[in-house]
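Enquirer: coords below, sequence missing:
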DNA sequence: GTGCCTGCTCACGGG
DNA sequence: GAGCAGGCAC
């Protein structure tokens, strides 16, 4: 009995077809990761391919991590030499080694959306561009789409030379490139674009990677953009052309990010001798759920025909419920989860609430906090985008790459050193005049004319940074250096001055960052600050999701791709929200098709039970909207749906929500601070609790009470407290944050 | 140079 | 509804 016997015939065919281009059209839940991992195992164990010659590319670190884990399990020896990585990390690794060949320093910085905005803002100011007429966001999006299409600033200028409306964009794009290069910085899109550029300019570099990656596999191929396609195409452009791509055109949902669905639809055109294998047997969902998904997606035109089926039964019907308001919707979903868990029908961790926009998460959070249900929110403000974290990273970046002007300017007066905008402007001018970096200009502050006494404030800052650099090069750990920065700058003091409550959360986040640094150091033989900063820049929200935690998961439909849950709630199924207003009113029918694919992704996340909900009226941006049920619901036949009577309003829910808000805001911080855990860094169950049965404790929402029972579970303590005037409540210790009084 | 207030704009999705 | 830029007072 071999490991391949458990595969179905199509899966097996895909695993055994190792030579030449291969397209695997893998429907949702058809076991594509299984195929990929078994294929890697087969290459190594049966075809005696050196693991070093195999490359597997995914979109998220989470997917890469899971693939690595599964390959490790299947392959006895050498699995660690397989290059399993995301597009972006792969590019960073390559650029880190060779980017000096195309005019950058190998210790480059990666700019995120905020950084891009600061740069564009500065440029617009210099060029006298009115950002009210041409928004920064628009400019960044235009530059990003150009880069995704591998259109450089020069090519952009050439292409639109006669387009009156693009003249300002041409100038900004050009300036933007100059500024990034002089800061030795790359944005996300550059990572791909510069790698492709490197491959084209330096054939020897390309060849060395071609020789290494003799077998290439790409997951989620339907979401690749032109730059990613070229990256892969160049690597696979050898006589062997052992390129295997796996994807599902029906799950292509990243058009806004430049994904080109033609990459998958035209694969057979680019690679004429490509073998195509369809995986249609689904191992995840019930037939009712699959039928609903099939019905919805069949309304799209530009797609490859597929029909998902399962050997399992029809299962439950799909629940459809319409409510009067969004509050009622949230209340129903949360109480349904509560009831099912109490009845032993579900576990928290099998439940997911999915929605179209992040803004919808609030109401669910409110209800979940009130119901004392543990949850994990994916998305929202990324951990690494928080102010305090960006400040800390800016210090590290300043230390690592003195050329990153943006980082230096961010922290030169944080905490306050009395160095204001006037001084910064003068230093900036000096730097420009002398063609040196901002930090270098700071180093010779005493030579800058008319800077006056400000140089006395600048010098200690420069000395401080240089001291940190010395520490680092003489072997101090990054975590020690970070701790020194926090201490020496009195950063925590600064936070406290801004407000106690806020400071606490921010301080916890900084501690979390320190933990992450220590974790990084523990896992590396030779920790390197630049490498750490690169890793950190590429972290996505979804990477921190650990499905083993017993919690309800909240996230957007986009984040949910690739995941599965026993019990799924698709909330806000309303025309105008999903499909969004923008797509309904758009002239481009492709937009509605993408929206429908998103719906297909949502439906196919569910294993056993699917609930679709909508509200007649809903507050959106402070305005009440009245919406019809989503057109996608009408695309599902009635016989698949169970339309029980709508949830009635038991009492005036708006009143309740207002009352709950205060407790909610407080409690949310407690919950939120746990949002960014990673697999390595869970806030684990406490070693011991600082209260015992009989102690008086206080809870943020229920007030004071007496501990009546503590049960020690594997993951956490389950504590029962008899709250004064409230009664006995059961809760998890790590969530309840009970304080002994 | 700093801190506060107001008014404005933006609101789909993310590595 | 929220965050941010810009203006204004100290």
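Expert: Structure received. Source: prediction; values computed, not measured.
Enquirer: ok, the residue lying closest to residue A:642 once chain neighbours are set aside - how many residues close by?
Expert: Distances taken as C-beta to C-beta, 6 or more residues apart in numbering place residue A:317 nearest to residue A:642, at 3.9 Å, with adjacent residues excluded. For every residue, glycine as well, the C-beta is placed using N, CA and C. Using other C-beta atoms under 10 Å, residue A:317 has 18 other residues around it.
Enquirer: same question, residue A:260
Expert: Residue A:260 has 21 neighbouring residues, counting by other C-beta under 10 Å.
Enquirer: do the same with residue A:343
Expert: Neighbour count for residue A:343, taken as other C-beta under 10 Å: 8.
Enquirer: what of residue A:695?
Expert: Residue A:695, neighbours per other C-beta under 10 Å, totals 16.
Enquirer: next one: residue A:488
Expert: 11.
Enquirer: what residues are up against it?
Expert: Neighbouring residues of residue A:488 by C-beta atoms under 8 Å, 6 or more residues apart in numbering: residue A:464.
Enquirer: that older thread, look up phi and psi at the residue nearest to residue A:642.
Expert: For residue A:317, the backbone dihedrals are phi -70, psi 160 (criterion: degrees, to the nearest 10).
Enquirer: is it correct that it is in contact with residue A:641?
Expert: Yes. In this structure, residue A:317 is within contact of residue A:641 by C-beta atoms under 8 Å, at 6.2 Å.
Enquirer: thinking again about what came up before, report the contact partners of the residue nearest to residue A:642.
Expert: Contact analysis of residue A:317 by C-beta under 8 Å, 6+ apart lists A:288, A:640-642.
Enquirer: same deal with residue A:47?
Expert: Here residue A:47 is in contact with residue A:18 (C-beta under 8 Å, 6+ apart).
Enquirer: sec struct for it, please.
Expert: coil (DSSP: H, G, I helix; E, B strand; the rest coil).
Enquirer: same check on residue A:613?
Expert: Per three-state DSSP, residue A:613 ends up strand.
Enquirer: what about it, how many residues nearby?
Expert: Neighbours of residue A:613 using other C-beta under 10 Å come to 27.
Enquirer: any idea where the strands of the stretch 201-350 of chain A begin and end?
Expert: Along the stretch 201-350 of chain A, the stretches classed as strands by DSSP state E, counting those that start in this stretch are A:215-218, A:243-247, A:275-279, A:318-325.
Enquirer: these: which one's closest to DNA strand C?
Expert: In terms of C-beta to the nearest atom of the strand, the element of these nearest to DNA strand C is strand A:318-325, at 13.7 Å.
Enquirer: partners of that closest one in the sheet?
Expert: Applying DSSP bridges, strand A:318-325 is found paired with strand A:606-620 (parallel), strand A:641-642 (parallel).
Enquirer: in the stretch 101-250 of chain A, what residue comes closest to DNA strand B?
Expert: For the stretch 101-250 of chain A, C-beta to the nearest atom of the strand, closest residue to DNA strand B: residue A:188, 3.2 Å.
Enquirer: would you check that that residue makes contact with residue A:88?
Expert: Yes. Between residue A:188 and residue A:88 there is a contact under C-beta under 8 Å: 6.8 Å.
Enquirer: now do the host helix or strand of residue A:171: everything it contacts.
Expert: Using DSSP states H and E, residue A:171 maps to helix A:167-182. Here helix A:167-182 makes contact (C-beta under 8 Å, 6+ apart) with A:103-104, A:111, A:119-120, A:122-124, A:126-127, A:129, A:134, A:139, A:142-143, A:146, A:152-154, A:156-157, A:160, A:186-187, A:190, A:403, A:405, A:437.
Enquirer: rerun at 7 Å
Expert: A:103-104, A:111, A:119-120, A:123-124, A:127, A:129, A:134, A:139, A:142-143, A:146, A:153, A:156-157, A:160, A:186-187 (C-beta atoms under 7 Å, 6 or more residues apart in numbering).
Enquirer: filter those to the buried ones?
Expert: With burial judged by 16 or more other C-beta atoms under 10 Å, the buried subset of these is A:104, A:111, A:119-120, A:123-124, A:129, A:134, A:139, A:142-143, A:146, A:153, A:156-157, A:160, A:186-187.
Enquirer: what parts of the stretch 51-200 of chain A come near DNA strand B?
Expert: A:59-60, A:86-88, A:113, A:132, A:135, A:137, A:144, A:188-189 (C-beta under 7 Å from any atom of the strand).
Enquirer: show the pLDDT at residue A:498.
Expert: Listed pLDDT for residue A:498 reads 71.
Enquirer: residues contacting the nearest residue to residue A:72 once chain neighbours are set aside?
Expert: Distance criterion C-beta to C-beta, 6+ apart; nearest residue to residue A:72, sequence neighbours excluded, is residue A:79 at 4.8 Å. Neighbouring residues of residue A:79 by C-beta under 7 Å, 6+ apart: A:51, A:71-72.
Enquirer: if we go to 8 Å?
Expert: Residue A:79 neighbours (C-beta under 8 Å, 6+ apart): A:40, A:44, A:51, A:68, A:71-72.
Enquirer: wait, residue A:399 sits on residue A:482?
Expert: No. Using C-beta under 8 Å, residue A:399 makes no contact with residue A:482, being 9.8 Å away.
Enquirer: re earlier: how near is the residue nearest to residue A:642 to residue A:486?
Expert: Separation of residue A:317 from residue A:486 (C-beta to C-beta, to the nearest Å) stands at 56 Å.
Enquirer: likewise residue A:84?
Expert: Counting by C-beta to C-beta, the gap from residue A:84 to residue A:486 is 35 Å.
Enquirer: what is the neighbour count of residue A:637?
Expert: Using other C-beta under 10 Å, residue A:637 is surrounded by 10 other residues.
Enquirer: ditto for residue A:290
Expert: 27.
Enquirer: contacting residues for the nearest residue to it once chain neighbours are set aside?
Expert: Spatial nearest neighbour of residue A:290, chain neighbours left out: residue A:308 (4.5 Å); criterion: C-beta to C-beta, 6+ apart. By C-beta under 8 Å, 6+ apart, the contact set of residue A:308 is A:27-30, A:280-282, A:285, A:290, A:293-294, A:604.
Enquirer: also residue A:402?
Expert: With C-beta under 8 Å, 6+ apart, residue A:402 has these contacts: A:408, A:437, A:439-440.
Enquirer: helix/strand/coil for it?
Expert: Under three-state DSSP, residue A:402 falls in the coil class.
Enquirer: pLDDT wise, what is it at?
Expert: With respect to pLDDT, residue A:402 scores 81.
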